[in-house]
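> need a structure here:
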Amino acid sequence: MKINNLKNKAVLLFSLLILTFNISAQEKKNKNKFNFKLGYSRYSDTEFFFGNVFKDDLFDKIKKVGNLRFSSTYNINKFIGAGFYVGYSYYESMAPSPTGGYSWNGANSSGNAIMYGVNSIIHILPLFTEKEKIRLDVYCSLQFGGIQLFEPKEYINTKYSYSEYGIYGGIAFHPFRRMGLFAEYGYSKYANFRYGLSYKF
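Purely as a prediction, here's the structure:
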């Protein structure tokens with residue numbers, strides 16, 4: 001009886017060791033292949049009258065609007081990754097005025113914009129270190145896509161689709177195993193600075 005219990009425990013222990021080895025190997029194989037980012041930026045100098053309805057100054061209204069963006073990247077190898085992004089902005093345009101012309105009418109002249117596109121990333125640190133478990137990521141990112149406006153046709157905009165692009169240098173730090181923070185700055189058609197949360201697995 002004791003021998004059978006000992007055999008059962010040995011088989012169970014061996015099975016657990018094999019399972020642990022397989023899981024560890026799989027995790028190592030797929031480690032940090034995917035990266036998700038949720039970022040915030042301020043779109044400025046837009047050609048389609050983006051405006052932040054929460055600003056009091058008219059000049060700032062026309063010039064800037066908040067943008068939320070979700071991006072996903074798959075690391076092809078330790079140097080290069082590729083993926084896509086989607087974003088959203090709520091903005092104020094100019095609506096026809098009862099007295100003629102156009103005017104700012106708050107929520108009565110608001111619109112929604114969807115951003116979408118592809119991005120690629122080049123990781124810099126693997127050029128200088130072979131360490132796999134590193135909490136810091138320094139990278140360059142190239143993004144290209146489009147913007148689609150959703151607003152009534154009587155508003156001042158006569159064009160509803162726009163292109164956007166950007167090249168950024170970025171840094172991400174993961175104080176936790178998977179969750180971290182990122183910030184990136186560069187040259188873009190609308191937003192030069194973006195920051196937010198980063199998640200990798």
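> When you work out contacts or count neighbours from here on, use the C-alpha atoms and nothing else.
Noted.
> Now the residue nearest to residue 196 when sequence neighbours are not counted: which helix or strand?
Excluding the flanking residues, the one nearest residue 196 by Cα to Cα, 6 or more residues apart in numbering is residue 39, at 4.2 Å. In this assignment (DSSP states H and E), residue 39 forms part of strand 34-44.
> how close does the residue nearest to residue 196 sit to residue 142?
Distance, residue 39 to residue 142, using Cα to Cα, to the nearest Å: 15 Å.
> Looking at those two, which one has more neighbours?
Neighbour count, other Cα atoms under 10 Å: between residue 39 and residue 142, residue 39 has more, with 21 against 18.
> Look up how far residue 75 lies from that one.
19 Å.
> about what we covered before: ok, now how distant is the residue nearest to residue 196 from residue 66?
11 Å.
> Using PDB, write out the CA atom coordinates for stretch 151-158.
Provided in PDB are the C-alpha atoms of stretch 151-158 (Å, rounded to 0.1, in the frame of the first residue of the first chain):
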ATOM      1  CA  GLU A 151     -20.500  65.000 -38.100                       C
ATOM      2  CA  PRO A 152     -23.600  66.400 -39.900                       C
ATOM      3  CA  LYS A 153     -22.900  67.500 -43.400                       C
ATOM      4  CA  GLU A 154     -24.100  71.100 -42.700                       C
ATOM      5  CA  TYR A 155     -21.100  71.700 -40.500                       C
ATOM      6  CA  ILE A 156     -18.200  73.700 -41.800                       C
ATOM      7  CA  ASN A 157     -16.100  70.700 -42.800                       C
ATOM      8  CA  THR A 158     -16.400  69.600 -46.400                       C
END
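> Having no further points to raise, I will conclude here.
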